[in-house]
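Visitor: Build me a structure from this.
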Amino acid sequence: MPRTFSAEDEETLRQLHADGVSRNDIARQTGWAVGTITNHAQRLGLDFDRSATRAAVEARQVDLTDQRQRAQQRLMDHFNRQLDRAQGRYLLTTFDHVGTFVSQLLTEPPARETKDLTAAAVQALTAAEKLTGDSGADDARSMLGKLAAGLADLVRETEQPSEEAGSEPSP
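Guide: The predicted model follows:
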């Protein structure tokens, strides 16, 4: 059997409204639908002023926009650092065949490191783009993706044993 909004429900609505309880919270506390509370509040001349809520939401949106912009700037800084590292000088350190520590300064990183640095740059750019929806980043990401794919091919080619290095192909 359906419930009827009683005089007791009206009094509860008036009291909770006077206490500053929100429409949604009144609905939760009383077990009535939000629409029912809205309709009866209007009938009783009760108004749920939303200006304070609206101001709070707007302030929160400004804060979130600021946070997104700061995060985007950090991601773009990371993007630029990775590209600089992929194109800059590289200190290669290793051990030789007798266990002696060897380091060599290269004009650019080896292919694998370049590929990894480029991939990290692309990921940072993608994340920054998601924060802004900047379509101009699509072109840069596409170009960097092609560069990363080319570097991956180069790494695969350099990792395969060369038949020109003296080894005969097997029959």
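
Visitor: What sits closest to the residue most central in space within the chain if chain neighbours are left out?
Guide: The geometric centre of the chain, computed from its C-alpha atoms, lies nearest to A127 (C-alpha atoms, centre = their mean), at 5.2 Å. Nearest residue to A127, sequence neighbours excluded (C-beta to C-beta, 6 or more residues apart in numbering): L75, at 5.1 Å. For glycine as for every other residue, the C-beta is placed from the backbone atoms N, C-alpha and C.

Visitor: cool, and I26?
Guide: I26 sits nearest to L16 (C-beta to C-beta, 6+ apart), 4.8 Å away.

Visitor: so what pLDDT did the one you found get?
Guide: As predicted, L16 sits at a pLDDT of 93.

Visitor: other SSEs contacting the helix or strand of the chain with the lowest mean pLDDT?
Guide: None of the helices or strands of the chain scores lower by mean pLDDT, DSSP states H and E than helix 136-159, at a mean of 73. On a contact count with 3 or more C-beta pairs under 8 Å, 6 or more residues apart in numbering; DSSP states H and E, helix 136-159 meets helix 111-132.

Visitor: what angle do the helix it packs on and helix 136-159 make?
Guide: 160 degrees (axes from the mean of the first three to the mean of the last three C-alpha atoms, to 10 degrees).

Visitor: Buried residues of helix 111-132, list them for me.
Guide: 111, 113-129, 131 (16 or more other C-beta atoms under 10 Å).
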